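**Q** Kindly return the folded structure for what I paste below:
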Amino acid sequence: MTWEIMRLRMESDNGSATREYRIDDGIVEVRSLSSATGCEAHAGGWHRVTRQQLRTHVERNTPVAQWLERRLGWRRLLQACVSQELADAATTEDYPDRRAA
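**A** Purely as a prediction, here's the structure:
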């Protein structure tokens with residue numbers, strides 16, 4: 001499946017670094033931008049958002065979580081928040097092997 005890159009820019013009121021989120025090939029990534037110039041503050045650029053960071057956004061119902069839910073759907077967002085083992089089990093339960101019948 002081919003994904004288009006989608007971005008969300010979160011600017012702070014207090015002058016701290018702006019955070020830009022994107023979904024690239026189904027993976028949620030974030031980077032910090034200098035609030036003064038809008039340029040990348042760190043040479044590292046984009047890095048993957050961890051499951052714990054995603055869970056925190058969902059638990060707090062942040063604008064980032066709301067944006068992700070609209071873009072990914074609630075099921076995919078939930079799967080991204082749980083451990084890999086639970087995500088694998090959910091996938092297996094959601095799509096049973098029809099040949100077994």
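
**Q** can you give me the strands in this structure?
**A** Secondary structure of the chain (DSSP state E): strands at 6-10, 18-24, 27-33, 47-48.

**Q** Tabulate those strands (CSV), appending mean neighbour count and distance to Arg75.
**A** In this view, the C-beta of every residue, glycine as well, is placed from N, C-alpha and C. Converted to CSV, the strands of the chain look like this (neighbours: other Cβ atoms under 10 Å; distance: least, Cβ to Cβ, whole Å):
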stretch, mean neighbour count, distance to Arg75
strand 6-10, 14, 18
strand 18-24, 18, 15
strand 27-33, 17, 15
strand 47-48, 11, 20
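
**Q** which one of those strands lies closest to Arg70?
**A** strand 6-10 (9.6 Å; Cβ to Cβ).

**Q** what's the closest one packed up against?
**A** Other helices and strands packing on strand 6-10, by 3 or more Cβ pairs under 8 Å, 6 or more residues apart in numbering; DSSP states H and E, are strand 18-24, helix 63-72.

**Q** Tell me how far the nearest residue to Ala80 once chain neighbours are set aside lies from Gly15.
**A** In this structure, Ala80 finds its nearest non-sequential neighbour in Leu54, 5.4 Å apart by Cβ to Cβ, 6 or more residues apart in numbering. As judged by Cβ to Cβ, to the nearest Å, Leu54 and Gly15 stand 26 Å apart.
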